[in-house]
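Student: What would the 3D arrangement of this be:
(chains A and B)
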Amino acid sequence: MTATHISNRRVAVTSGRSAVRRVTRQPGVLVFTAVFYLMVTVALSSVWRAAAETSGGALVGYTAAAFTWYVATSESVIISLPQRLIYDIAEDVRSGHILGEMVRPTPTIVGRIATQIGTALPRLGICVVIGFAFCSLVAGLPTSWSAIALAAPAAVLAISTNIAGQHAFAASSFWFRDAGSAWFLYQKIVFVGGGMLIPLEVLPDAVNGWLRLLPFAAMAYTPARLASGHVEPELLLLQAGWLAVFVLLAARAFGAGERHLMRVGA
Amino acid sequence: MIANVRAAMVTWRSAWREASSNRAGFWTQVVIMLANDVVWIVFWGLLFNRVDNIRGWDFDRMVLLFTVFTISGGIVLGLLNNVRRLGELATTGGLDAALALPTSTLLHVVVRRIEPINLGDIVFGIVLFLTLGDPTLAKAGLVVFGVVCSASVWSGFLILVGSFGFFVGRREPGELGFSAMAMFSNYPIDLYAGGLRVLLYGVVPAAFVTSVPAKIVDDFSLTQAALLGGVAVLMMAIGVVAFNAGLRRYTSGAVWTSA
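Tutor: The predicted structure is shown next:
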């Protein structure tokens, strides 16, 4: 391992830790996240439970209880993230704020991704606690503890993949100044194509097989599918693969973008 | 009263000019919201592709619910955007500029700001009704009635929860109230369990924002319509009383803003 790698790792760990401390010192934000998460989970899981009951107890292989665990998990990994991260990154590039980070001796992307993961983890933690309590109360305890054990790392991988993916998308703002609005498109793709609102099995058979392989599924569907009682460890491998791809893409794109910015200015 | 309305119209026209001054940005935001709303219709389309009917709600009825939801939401959050920000304005001293004017403070503040992105909701709702809502003249009239009542309940509720800011000094109640209303009115009331349903009729009146108006449009009932109209008037009255009571406790932030 080279000195650069060690330095990058230190920056990542320090940035992540400091973000965790910052968020945990703002109980108001955590409470707001928790209440909002609970409302969304109650509302959306009601829809799917009702749909399962109407269909004779199960729909596309999900029972009402499985739907509840699915929704609670898919919402937790999305709500713990800043909704407009792509927009915020684009704003930092457009305003020149990012130049202050570029003078540091480590790549900008390392600190940024680590900070966002550190910010999301406490929120994810509180959502998971509330989600677990809600699901246990409404749908009963998990049918498979093995699946829950897989869902826990999958949730962390999901937010990491999503954050890396948003950085890779947002890097286009180094060249296109209006890229900020791309966050909306990205968010909607994750909502439907990533399985946040709707388990992918509900979609037509012709598309759901493909969507399971795409990176957006790694951001919501994978942990939700596992938490709903399906022991499918291969999904974790796919998630890890997409995380590696997005981290690499984001690093390359940010590197190129920063060089472009140095040439043409903010 | 007439002078207040006239002043509000002038303020609203100026807010409109401000919002639409950047044409490209304005239309981009409208289109973004249209895309957002399409996602929801796709969601319901996919769901009702698997089940015909969930507790009395089928795709056609959901179209009506969404018509009311989007047009009403567009009016409240787009044309009267400050109803969502009352808590923030109350706690940060942002009402100073409005207090100095010889007109109703609440009326001036709520029409002062237009949010272009939510105007996309109004466009979407109208297009949705005309294309998938099986429109007739009578149905269109009921949609107008439902939207007016829905917008009144929604804005009255947001004024009420935003006014909590005057009393507790924090804007979170307003933000949570907004989130709760937007979240629960997005889905039919019959999908929720008994206790929650009572809450959504009484405490956070989300049922009167979408489900009740959609049912009236789909299957008219004079009793339901009278109830909806009554709740709309009552909710707005409660909001106005709460705001005026809170305004007496308002502390200036010594800042000069355009609210």
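Student: who's in contact with the closest residue to residue A:44 other than its chain neighbours?
Tutor: Using Cβ to Cβ, 6 or more residues apart in numbering or on different chains and skipping residues adjacent in sequence, the residue nearest residue A:44 is residue A:71, 4.9 Å away. No exception for glycine: its C-beta is placed from N, CA and C like everyone else's. If you count contacts by Cβ atoms under 8 Å, 6 or more residues apart in numbering or on different chains, residue A:71 has them with A:41, A:44, A:45, A:48, A:224.
Student: Could you check how far residue A:71 is from chain B?
Tutor: The gap separating residue A:71 from chain B is 12 Å, by Cβ to the nearest Cβ, to the nearest Å.
Student: filter the contacts of residue A:71 to the buried ones?
Tutor: A:41, A:44, A:45, A:48, A:224 (16 or more other Cβ atoms under 10 Å in any protein chain shown).
Student: Of the residues you listed, which belong to helices?
Tutor: A:41, A:44, A:45, A:48, A:224 (DSSP state H).
Student: Need the per-residue pLDDT for the last one.
Tutor: What that stands for is residue A:224. pLDDT for residue A:224: 96.
Student: Hmm, residue B:167 is touching residue B:246, no?
Tutor: Yes - Residue B:167 lies in contact with residue B:246 (Cβ atoms under 8 Å); the separation is 6.1 Å.
Student: Spatially, which residue comes closest to residue A:105, not counting chain neighbours?
Tutor: For residue A:105, ignoring the flanking residues on the chain, the nearest one in space by Cβ to Cβ, 6+ apart is residue A:7 at 7.3 Å.
Student: Could you list the buried residues of the helix or strand containing that neighbour?
Tutor: Per DSSP states H and E: residue A:7 is located in helix A:3-24. Of the residues in helix A:3-24, those with enough neighbours to count as buried (16+ other Cβ under 10 Å) are A:8, A:11, A:12, A:15, A:16, A:19, A:20, A:23.
Student: returning to that earlier point: what mean pLDDT does the helix or strand containing the residue nearest to residue A:44 have?
Tutor: Assigning secondary structure by DSSP H and E places residue A:71 in helix A:64-79. Averaged across helix A:64-79, the pLDDT comes to 95.
Student: Show me what from chain B comes close to chain A.
Tutor: Counting by Cβ under 8 Å from any Cβ of the partner chain, chain B comes close to chain A at B:28, B:32, B:35-36, B:39, B:42-43, B:46-47, B:49-51, B:53-55, B:172, B:175-176, B:179-180, B:183-184, B:186-187, B:190-193, B:196.
Student: Kindly recompute the last result at 6 Å.
Tutor: In this structure, chain B approaches chain A at residues B:32, B:39, B:43, B:46, B:50-51, B:54-55, B:176, B:179-180, B:183-184, B:187, B:191-192, judged by Cβ under 6 Å from any Cβ of the partner chain.
Student: Which among those residues count as buried?
Tutor: If we count by 16+ other Cβ under 10 Å, the residues of chain B next to chain A have these buried: B:32, B:43, B:51, B:54, B:176, B:179, B:180, B:183, B:184, B:187, B:191, B:192.
Student: contacting residues for residue B:188?
Tutor: Counting by Cβ atoms under 6 Å, 6 or more residues apart in numbering or on different chains, residue B:188 makes contact with B:57, B:211.
Student: of all the buried ones among the residues of chain B next to chain A, which two lie farthest apart?
Tutor: B:51 and B:176 (31.8 Å; Cβ to Cβ).
Student: Lowest mean pLDDT among the helices and strands of chain B, which one is it?
Tutor: Across the helices and strands of chain B, mean pLDDT, DSSP states H and E gives its lowest value to helix B:194-202, namely a mean of 81.
Student: Show residues contacting that one.
Tutor: B:184, B:189, B:206, B:207.
Student: What about these, which are in helices?
Tutor: Using DSSP H, those in helices are residue B:184.
Student: Include pLDDT when you put the contacts of helix B:194-202 into a markdown table, please.
Tutor: Output for those, formatted as a markdown table (pLDDT from 0 to 100):
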| residue | pLDDT |
| --- | --- |
| B:184 | 87 |
| B:189 | 89 |
| B:206 | 90 |
| B:207 | 93 |
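Student: before we move on, back to that, which is the succeeding secondary structure element to the helix holding residue A:71?
Tutor: helix A:85-95.
Student: Next, the angle helix A:64-79 makes with the host helix or strand of residue A:160.
Tutor: Assessed by DSSP H and E, residue A:160 sits inside helix A:145-170. Angle of helix A:145-170 versus helix A:64-79, following axes from the mean of the first three to the mean of the last three Cα atoms, to 10 degrees, is 30 degrees.
Student: just checking, next helix/strand downstream of helix A:145-170?
Tutor: helix A:182-192.
Student: next structured bit after that next one?
Tutor: helix A:205-213.
Student: now that next one and helix A:182-192, what's the angle there?
Tutor: Angle, helix A:205-213 to helix A:182-192, by the same axes, to 10 degrees: 120 degrees.
Student: Would you indicate which residues of helix A:205-213 are buried?
Tutor: The neighbour-count check on helix A:205-213 (16+ other Cβ under 10 Å) flags A:208, A:211, A:212 as buried.
Student: Dump those to JSON lines, plus pLDDT and distance to chain B.
Tutor: What follows is the buried residues of helix A:205-213, written out as JSON lines (pLDDT from 0 to 100; distance: Cβ to the nearest Cβ, whole Å):
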{"residue": "A:208", "pLDDT": "86", "distance to chain B": "10"}
{"residue": "A:211", "pLDDT": "91", "distance to chain B": "12"}
{"residue": "A:212", "pLDDT": "91", "distance to chain B": "16"}
